[in-house]
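**Student:** using only what follows, build the 3D model:
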Amino acid sequence: MKIVLGLALGFGVGFIAAVFSLPSPSPPVLMGAGLVFSMTLGHIAMDKYMLSRGKKQTSKQGAQEGATNG
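**Tutor:** Numbers count the residues shown, from 1 in each chain. Okay, the predicted model is just below:
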């Protein structure tokens, strides 16, 4: 769902920029595009790491609660 929303938002911004003859809100050089790409990858990687970390903590908490309750 996030991917679809992100693509729709990007398409919308590009469409509005084209309709009103605004300059493209993207980096004009390859280095800027690489920066945006690396920031996106970093965000995705951290999101996956935090989700996996949360699952590990939840399973540890469940094991600890089972040991104290049982």
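
**Student:** what about the strands in this structure?
**Tutor:** Counting by DSSP state E, one finds no strands in the chain.

**Student:** what segments of it are helices?
**Tutor:** All helices of the chain, identified by DSSP state H, fall at 2-19, 30-69.

**Student:** what about the last one, average pLDDT?
**Tutor:** Taken as a whole, helix 30-69 has a mean pLDDT of 75.

**Student:** using PDB, write out every CA atom in stretch 38-50.
**Tutor:** Taking Å, rounded to 0.1, in the frame of the first residue of the first chain, the C-alpha atoms of stretch 38-50 are listed here in PDB:
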ATOM      1  CA  SER A  38      20.400   6.000  -0.900                       C
ATOM      2  CA  MET A  39      18.200   7.800   1.600                       C
ATOM      3  CA  THR A  40      15.200   5.700   0.400                       C
ATOM      4  CA  LEU A  41      17.200   2.500   0.800                       C
ATOM      5  CA  GLY A  42      18.300   3.600   4.200                       C
ATOM      6  CA  HIS A  43      14.800   4.300   5.300                       C
ATOM      7  CA  ILE A  44      13.600   0.900   4.000                       C
ATOM      8  CA  ALA A  45      16.400  -1.000   5.700                       C
ATOM      9  CA  MET A  46      15.800   0.800   9.000                       C
ATOM     10  CA  ASP A  47      12.100   0.100   8.800                       C
ATOM     11  CA  LYS A  48      12.700  -3.600   8.200                       C
ATOM     12  CA  TYR A  49      15.300  -3.700  11.000                       C
ATOM     13  CA  MET A  50      13.000  -2.000  13.500                       C
END
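
**Student:** gap between that stretch and the chain center?
**Tutor:** Put simply, stretch 38-50 sits 6 Å off its chain's centre (CA atoms, centre = their mean, to the nearest Å).
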